[in-house]
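K.L.:
got a structure for you, letters missing:
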């Protein structure tokens, strides 16, 4: 097409059949379908199931955070209450009082989450910004306190347990084996991801972005910001509830910590790590969440500390999360300049690794001194024996840490310079193309 | 106390606004007929922007009435007033910074096209809204910048987008708060033509400091001094008005002559 053609075009043509989008969504479906075939261990299957649930929850959380600029500190309320309603429904089905197919129990959770969001969201979304965050924090604490006050519903310390193998199997599916449940979760994950993406392409979804960017102006183009926030809050509650319902089926037990502040904090932290500014960021965050909670916590007692450090560095250096890092590099790649950065990335990675080893060794020694001192001063770290009371170990670790730090800083400066140059070239290239 | 006139597009009746003990608007009266282009002038601190904020619902009036085509709108939220056909622009550009130019305009089109809070329709399928957005983009000469994020536009482009968002919804009454503020002479000239084009057939109220713009754009001039409308007439009559000469215009014209305009 020549420039004249473009200039002649009467109206902007949209491309509803975007080939790239088909590829991405097919790949997403394929990954969900193939994952349990590639990773066959029972641990992997448990993790995959949890990842599916976490993807829905983080995406739903990001409907507010990334797309609406609403920072919720108490979003576990909606997934958690969804879980409780789901498990109670499951138990009623077990008793034969209700007849709901097990595969639809997550929807019961979703309706519950939505119902709770209709009630609580009305108060919450009256405000935006910091007051909004404070109200969500307050409501989170309120529900947490209630979970201790009403053991009939919340099951007290032991929680509420259930059995997902009830009713007649449909097509031989009982949901007894984990693999069957995984595929149920995978289907929900795919459909919910699709629906939440579709939401971003609707008038309400776009006005939610507008409310995030400039709530004042939204009021002067005919929309009530409060109503936009409220409706989106309800939509988010629906998907949080579905995640909760799936989680109840997955674990067959729901405890009051599912509505707690720690869970709410995890949604926030990992959605942010994954990247709130892009739709797919929370999916990355959800994978990280389960890997961290299940694997990292097995590996070291100091996992929360590591997590906190990663979060800290992310907020400081890459506030757009991992998704933004990926997108920035894709942009560089699209202009054919990524090859120039390989050596820098290699240097950054290697020096960061040295630094990390040094820091991790010190952290592990501190934890050893605090927690395992009864086992003697020695500990194993990456095949080495460290002496937490020996000067040589401390000195050695500090040496590794500071050497790594120094080299990292040098390669970071080199990288920053190259990165800046490349960005400048890209800007000029864009200007040149615009001028054509 | 005057009685309301339903044939007026905008009518202010004994409008007052105080911030604490300071009264900024002190009993302003104004009747703007449909299709009139009115420039509101006055010295700094006369309350011009406050008046706009009252009419558009950004501030609530302390007392008095504001009527839009006969209907009282004082006390309404900005979005309720907007839905009744009044739109405004801002002195400092007030855009959806992280959305692109096209989305900025489309956001301003959606409500008036009846799409409200719908989440069961895709934006890409809303042919009428997208077409209207295209028309507005062409009117404000930003059709080549449709993919650019609002925050990355030049100052003049941002001012144009500000006007675009204001008129996109097709409001009958348009309030422009210093549309040419901060622009160069040539840009201002181009902009006056743009404003004339996009507000064709509408009722226009504008706050302006530049007398060249005022006499070029307005059919009538309202002079606001210390929160009161001391004169409201065609430009020649206002220029000749003794009170206006004393209170304001004489000194401004003298200044501008001295500055060589």
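P.N.:
In hand now; what should we look at? Note that the structure is predicted; figures quoted are calculated from it, not measured. Residues are numbered from 1 along each chain as shown, chains lettered A, B, ... in the order given.
K.L.:
ok, and the closest non-adjacent residue to the residue of the stretch 51-200 of chain A found nearest chain B?
P.N.:
Taking CB to the nearest CB, chain B has its nearest neighbour within the stretch 51-200 of chain A at residue A:199, 6.0 Å off. Just so you know, the C-beta spots here come from the backbone N, C-alpha and C atoms, and that holds for glycine as well. Closest residue to residue A:199 apart from its sequence neighbours, by CB to CB, 6 or more residues apart in numbering or on different chains: residue A:205 at 4.6 Å.
K.L.:
for the chain, what spans make up the strands?
P.N.:
Since no chain was named, I'll use chain A. Using DSSP state E, the strands of chain A run over A:160-161, A:253-254, A:378-381, A:384-387.
K.L.:
meant chain B actually
P.N.:
For chain B, the strands defined by DSSP E occupy B:10-19, B:22-32, B:37-41, B:63-68, B:71-72, B:86-88, B:173-177, B:203-207, B:220-225, B:228-233.
K.L.:
Redo the ones you listed as CSV? Include mean neighbour count and mean pLDDT.
P.N.:
What follows is the strands of chain B, written out as CSV (neighbours: other CB atoms under 10 Å in any protein chain shown; pLDDT from 0 to 100):
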stretch, mean neighbour count, mean pLDDT
strand B:10-19, 19, 95
strand B:22-32, 18, 94
strand B:37-41, 24, 94
strand B:63-68, 19, 95
strand B:71-72, 12, 94
strand B:86-88, 25, 96
strand B:173-177, 24, 95
strand B:203-207, 24, 95
strand B:220-225, 23, 92
strand B:228-233, 18, 92
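K.L.:
Chain A is nearest to which of those?
P.N.:
In terms of CB to the nearest CB, the element of these nearest to chain A is strand B:86-88, at 6.1 Å.
K.L.:
now the helices for the stretch 51-200 of chain B?
P.N.:
B:78-83, B:101-110, B:127-139, B:155-168, B:185-198 (DSSP state H, counting those that start in this stretch).
K.L.:
touching chain A at all, the first one?
P.N.:
The reference is to helix B:78-83. Yes: taking CB under 8 Å from any CB of the partner chain as the criterion, helix B:78-83 and chain A are in contact, through B:78-79, B:82-83.
K.L.:
before we move on, what about stretch B:52-62?
P.N.:
Yes: under the criterion of CB under 8 Å from any CB, chain A is reached by stretch B:52-62 at residue B:56.
K.L.:
hmm, which helix or strand of chain B has the shakiest average pLDDT?
P.N.:
helix B:250-258 (a mean of 60; mean pLDDT, DSSP states H and E).
K.L.:
what about chain A, any weak spots by pLDDT?
P.N.:
Chain A contains residues with pLDDT under 70 at A:1-17.
K.L.:
Where does it get nearest to chain B, residue-wise?
P.N.:
Nearest to chain B, among the residues of chain A, is residue A:222, at 3.1 Å (CB to the nearest CB).
K.L.:
Test my guess that that residue contacts residue B:84.
P.N.:
No: with contact defined as CB atoms under 8 Å, residue A:222 does not reach residue B:84; the gap is 9.7 Å.
K.L.:
Which one's more surrounded, these two?
P.N.:
More crowded of residue A:222 and residue B:84, by other CB atoms under 10 Å in any protein chain shown: residue A:222, with 24 against 16.
K.L.:
Let me see the contact set for the closest residue to the more buried one other than its chain neighbours.
P.N.:
Nearest residue to residue A:222, sequence neighbours excluded (CB to CB, 6+ apart): residue B:111, at 3.1 Å. Listed by CB atoms under 8 Å, 6 or more residues apart in numbering or on different chains, the contact set of residue B:111 reads A:221-223, B:82-83, B:169.
K.L.:
near chain B, which residues of the stretch 101-250 of chain A show up?
P.N.:
Of all the residues in the stretch 101-250 of chain A, those lying near chain B are A:198-199, A:201-207, A:209-210, A:212-214, A:216-224, A:227-228, A:231, A:235, going by CB under 8 Å from any CB.
K.L.:
so where's the stretch 101-250 of chain B shaky on pLDDT?
P.N.:
For the stretch 101-250 of chain B (pLDDT under 70), the answer is B:249-250.
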